[in-house]
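# sequence? don't have it. structure:
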């Protein structure tokens, strides 16, 4: 039962353009969401988060949008840079009492120079 | 503070052997998590500690797996009688305690290869 889904396994974008990575979730109890970036042979690195009381959070080139009614969030990167090429995971925090984070399967972003 | 440290970074072992991984979390973090990641998948939750108490274990964690966090500091994850299906990246992460959500900080991971 995949509670957090990233349906696009890969995405290619030209340098300078916008990258949009999508994530869907099924559990309405999730109320905190995070995006992580992962380079090969390294652990995931935190990028940006959003609480369910907000619909947008921005940090520099990175913006996360949350649509609670659709159970959908997206990460926008603009402008995209070659150094952004990595695997991106979205994660949802389970407040049902277990305090565990559920991760999606990831989207591999390639930014072309 | 050097972040979350994991040791060893890479372990190659033969099927049937026991292996142990160590994780040193960020010192002020009360919560410690173990995840497993295989190729093409996201991190899968294995277990979670609040201080020294192990509060949650995934069904993925068979009885060959055991984790400890003595004194609420470092943690160890032991796999007994390893199988080829145990080959994966084992990730440790920590976060601050208390109510509410917190950012997970991951270590670099320990890659296990079972021959």
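Sure, I can see it. As the structure is a computational prediction, the values presented were derived from the model and not from experiment.
# Now do the SS call for the spatially most central residue of chain B.
Nearest to the mean C-alpha position of chain B, by CA atoms, centre = their mean, lies residue B:34 at 3.1 Å. At residue B:34, secondary structure determined by DSSP: H, G, I helix; E, B strand; the rest coil is strand.
# what about the closest residue to it other than its chain neighbours, neighbour count?
Using CB to CB, 6 or more residues apart in numbering or on different chains and skipping the chain neighbours, the partner closest in space to residue B:34 is residue B:46 (4.3 Å). In short, each C-beta sits where N, CA and C put it, glycine included. Neighbour count for residue B:46, taken as other CB atoms under 10 Å in any protein chain shown: 21.
# What of the one 5 residues further on?
Under the neighbour criterion other CB under 10 Å, residue B:51 is assigned a count of 13.
# residue boundaries of the strands in chain B?
Applying DSSP state E to chain B gives strands spanning B:5-7, B:10-13, B:19-24, B:31-37, B:44-50, B:53-57, B:65-68, B:75-79, B:88-95, B:105-106, B:110-114.
# pLDDT (mean, whole number) over the third one?
Strand B:19-24 comes out with an average pLDDT of 98.
# Return the residues of chain B in contact with chain A.
Residues of chain B lying near chain A by CB under 8 Å from any CB of the partner chain: B:4, B:6, B:31, B:33, B:35, B:40-45, B:48, B:50, B:55-56, B:91, B:93, B:101, B:103-109, B:111.
# from those, which would you call buried?
B:4, B:6, B:31, B:33, B:35, B:42-45, B:48, B:56, B:91, B:93, B:101, B:103-109, B:111 (16 or more other CB atoms under 10 Å in any protein chain shown).
# list the helices and strands the lowest-mean-pLDDT helix or strand in chain B packs on?
Sorting the helices and strands of chain B by mean pLDDT, DSSP states H and E puts strand B:53-57 at the bottom, at a mean of 87. Counting contacts by 3 or more CB pairs under 8 Å, 6 or more residues apart in numbering or on different chains; DSSP states H and E, strand B:53-57 is packed against strand B:44-50.
# how does it look with 10 Å?
strand B:31-37, strand B:44-50, strand B:65-68 (3 or more CB pairs under 10 Å, 6 or more residues apart in numbering or on different chains; DSSP states H and E).
# got the buried residues for the last one?
Same thing as strand B:65-68. By neighbour count with 16+ other CB under 10 Å, strand B:65-68 contains the buried residues B:65, B:67.
# about what we covered before: please produce TSV containing the helices and strands packed on strand B:53-57, extended by mean pLDDT.
Converted to TSV, the helices and strands packed on strand B:53-57 look like this (pLDDT from 0 to 100):
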stretch	mean pLDDT
strand B:31-37	95
strand B:44-50	93
strand B:65-68	95
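# isn't residue A:99 right up against residue B:56?
Yes. Between residue A:99 and residue B:56 there is a contact under CB atoms under 10 Å: 7.7 Å.
# Give the intersection of the neighbour lists for the two.
Common neighbours of residue A:99 and residue B:56, counting by CB atoms under 10 Å, 6 or more residues apart in numbering or on different chains, are B:33, B:48, B:50.
# Pick the one among these closest to residue A:5.
When the shared contacts of residue A:99 and residue B:56 are compared for distance to residue A:5 (CB to CB), residue B:33 wins out at 21.0 Å.
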